[in-house]
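Trainee: Structure, please.
(one chain, ligands or ions: 1)
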Amino acid sequence: MTTPDTLPTPDTNFAINPVLWIEHKKQGNAHSEAEIMALVDAVMNGEMSDYQLAAWLMAVCFVGLTDDETVFLTKAFVESGQVLDLKGMGIEGITVDKHSTGGVGDKTTLVVAPLLAAAGLNVAKLSGRGLGFTGGTIDKLEAFPYFNVQPTQADFVKQIQEIGIALSAQTADLAPADGLFYALRDVTATVDNLSLIAASVMSKKIAAGADVIVLDIKVGCGAFMKTLDEAKALATLCKTIGERFDKRVETVISSMDAPLGNAIGHTTEILEVIDTLKGSGPKDLEDLCLCLAGMALVEAGQATTLGHATVALKELIGNGQAFDKLKQLVVAQGVDHEIFDDLHTLPQPSRLMMIPSPASGIVQSIDALKVAKAVKMMGGGRTKKDDVINLGVGVVLRCEVGESITENETLFELWSDKVNFEAAKSMVLDAIVIGEASVTPAPLILATSL
Ligand code: URA
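Mentor: This is a model prediction of the structure:
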């Protein structure tokens, strides 16, 4: 990687001393770039043990990192592995990437990426699997039988050159130090520090080589960020990091109190993605996708305003080009094109149950986290790293916040196999609050950087 001019050259002339680094941070001091680089190196080569790193991470949670330290940590993560030089590999034009901090029913990548490729941008997207209660794009794509989630680098590049879009699972070669830090944060209650999250997210995006990065920062009960202030601070920090690495970063802060769209699961979400790309998806999902894709188009110089971008993107949906791009992507990555003639060949559950409303009234709220837990308990998520996900199970919402419903009207479809059906049914019923008061649904898009 070329070091941006704004970063000083590190002085590496000192001894490796993890205990000193922990003490230094515990006392509220800031690390130099050289210390952070040495600390990450020491973690990579085993000179700093897991228990020492855990102590340092906890000190960071209490004391914090300055913006400079956060930039240094990002740089150290980036430099711990390979950095994709997309232009050097022959990909011409602007490449965009999009990242979500994770939510329930969040299938935006699978709508936004084909839309942007249909608009003529390169989309080189590295995605993850589900994390905690949140779903993962790579798991969702595996609902397409034989979808190759790990193309070789040569195939990845060739596919972008040919059809403008390729999606791959995150590889261990990019920002591997973040992988080590992340695994330890997950089990030491040190995930939710803004600097640690920003360095983790941005290091992977920077290593993946895109020019334009659009971040969807989720806030609410079904997200890692629980307050708007936290989400805004994370957005600002990610933009600051991006600027220091010469990346154009735009951010959207979106609500994740209720699930996004109606479908939560894998096959269920793929079907909703297809509907959305054909122009008949749920409005909240379409609005957020148009906003994320629109920000990328403006930042890439293909539209002057978000309004113009939205008109262009809607045209790509209306004339079928956006859906065609999804088909091209799926077929290029190993799936038989006939899948689109009969979508029942996607993984299916053994039973589909309609869950009726126990009362009449107005839907006050739908708790995204509880719906996600219901899907997970039916086998649609992992509790251990190597669990195999049941891609056919899921939940489809048949009501929305603010809607009037009558007793026995269907609230949810439960796509289930035999596992934990009754428990999942109780969980989704527990997720919904029905009351008397009229409710105006809270806005989905809470802030944007454009
Ligand atoms: N997603 C990441 O990649 N890293 C974090 O720390 C949190 C969410």
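
Trainee: Need the CA coordinates for stretch 397-417. CSV is fine.
Mentor: The C-alpha trace of stretch 397-417 is given here as CSV (Å, rounded to 0.1, in the frame of the first residue of the first chain):
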residue,chain,number,x,y,z
LEU,A,397,-44.0,-10.3,7.7
ARG,A,398,-47.6,-9.8,6.5
CYS,A,399,-48.2,-6.6,8.4
GLU,A,400,-46.3,-3.4,9.1
VAL,A,401,-46.0,-0.8,11.8
GLY,A,402,-49.0,1.6,11.9
GLU,A,403,-51.3,-0.9,10.0
SER,A,404,-54.8,-1.8,11.4
ILE,A,405,-55.3,-5.5,11.7
THR,A,406,-58.3,-7.6,12.8
GLU,A,407,-58.2,-10.7,15.0
ASN,A,408,-57.1,-13.8,13.1
GLU,A,409,-55.7,-11.9,10.2
THR,A,410,-52.3,-13.3,9.2
LEU,A,411,-49.4,-11.4,10.9
PHE,A,412,-46.5,-13.6,9.8
GLU,A,413,-45.7,-16.5,7.4
LEU,A,414,-43.4,-19.0,9.2
TRP,A,415,-41.3,-21.0,6.8
SER,A,416,-40.2,-23.8,8.9
ASP,A,417,-38.9,-27.3,9.1
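
Trainee: How far off centre is it?
Mentor: 27 Å (C-alpha atoms, centre = their mean, to the nearest Å).

Trainee: To what extent is residue 24 buried, counted in neighbours?
Mentor: A total of 18 residues lie near residue 24 under the criterion other C-beta atoms under 10 Å. No exception for glycine: its C-beta is placed from N, CA and C like everyone else's.

Trainee: That one and residue 39 touch, don't they?
Mentor: No. Using C-beta atoms under 8 Å as the test, residue 24 is too far from residue 39 to be in contact (10.1 Å).

Trainee: Overlap of the contact sets of those two?
Mentor: Listed as contacting both residue 24 and residue 39 by C-beta atoms under 8 Å, 6 or more residues apart in numbering are residue 31.

Trainee: which ones are touching residue 324?
Mentor: residue 118.

Trainee: so which helix or strand takes in it?
Mentor: Using DSSP states H and E, the element containing residue 324 is helix 321-332.

Trainee: After that helix, which helix or strand is next? Please name it.
Mentor: Assigned by DSSP H and E, the successor of helix 321-332 is strand 351-356.

Trainee: Direction included, what does that next one pair against?
Mentor: strand 410-416 (antiparallel) (DSSP bridges).

Trainee: quick one: the following helix or strand past the strand it pairs with to strand 410-416, angle?
Mentor: Next helix or strand after strand 410-416 toward the C-terminus (DSSP H and E): helix 421-431. Relative orientation of helix 421-431 versus strand 410-416 (axes from the mean of the first three to the mean of the last three C-alpha atoms, to 10 degrees): 150 degrees.

Trainee: Pull helix 421-431 out as CSV, backbone CA atoms only.
Mentor: Only the C-alpha atoms of helix 421-431 are listed here, as CSV (Å, rounded to 0.1, in the frame of the first residue of the first chain):
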residue,chain,number,x,y,z
PHE,A,421,-41.5,-24.4,15.3
GLU,A,422,-43.5,-23.7,18.4
ALA,A,423,-40.8,-21.7,20.1
ALA,A,424,-40.3,-19.6,16.9
LYS,A,425,-44.1,-19.0,16.7
SER,A,426,-44.1,-17.7,20.3
MET,A,427,-41.0,-15.6,19.5
VAL,A,428,-42.6,-13.8,16.5
LEU,A,429,-45.8,-13.2,18.4
ASP,A,430,-43.7,-11.8,21.2
ALA,A,431,-42.0,-9.5,18.6
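
Trainee: buried sites along the helix or strand following it?
Mentor: Heading C-terminal from helix 421-431, the first helix or strand you meet, by DSSP H and E, is strand 432-435. Buried residues in strand 432-435, counting neighbours by 16 or more other C-beta atoms under 10 Å, are found at 432, 434.

Trainee: Just give me how far strand 432-435 sits from the chain centre.
Mentor: Distance, centroid of strand 432-435 to centroid of chain: 29 Å (C-alpha atoms, centre = their mean).

Trainee: all strands in the stretch 1-150 of the chain, in order from the N-terminus.
Mentor: For the stretch 1-150 of the chain, applying DSSP state E, counting those that start in this stretch gives strands covering 95-100, 122-127.

Trainee: With mean pLDDT, mean neighbour count and distance to the ligand as added columns, please give the ones you listed in CSV.
Mentor: Below are those laid out as CSV (pLDDT from 0 to 100; neighbours: other C-beta atoms under 10 Å; distance: least, C-beta to the nearest ligand atom, whole Å):
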stretch, mean pLDDT, mean neighbour count, distance to the ligand
strand 95-100, 94, 26, 8
strand 122-127, 92, 24, 11
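
Trainee: do you know which of the ones you listed lies nearest residue 434?
Mentor: Closest approach to residue 434 among the strands of the stretch 1-150 of the chain (C-beta to C-beta): strand 95-100, 29.5 Å.

Trainee: what's that closest one packed up against?
Mentor: helix 108-118, strand 122-127, helix 194-207, strand 212-219, helix 283-299 (3 or more C-beta pairs under 8 Å, 6 or more residues apart in numbering; DSSP states H and E).

Trainee: Next, the buried residues of the helix holding residue 324.
Mentor: Quick answer for helix 321-332 (16+ other C-beta under 10 Å): 321-323, 325-332.

Trainee: Make CSV out of those and add distance to residue 132 and pLDDT.
Mentor: Output for those, formatted as CSV (distance: C-beta to C-beta, whole Å; pLDDT from 0 to 100):
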residue, distance to residue 132, pLDDT
321, 35, 98
322, 30, 98
323, 31, 98
325, 30, 98
326, 27, 98
327, 32, 98
328, 32, 98
329, 27, 98
330, 27, 98
331, 32, 98
332, 31, 98
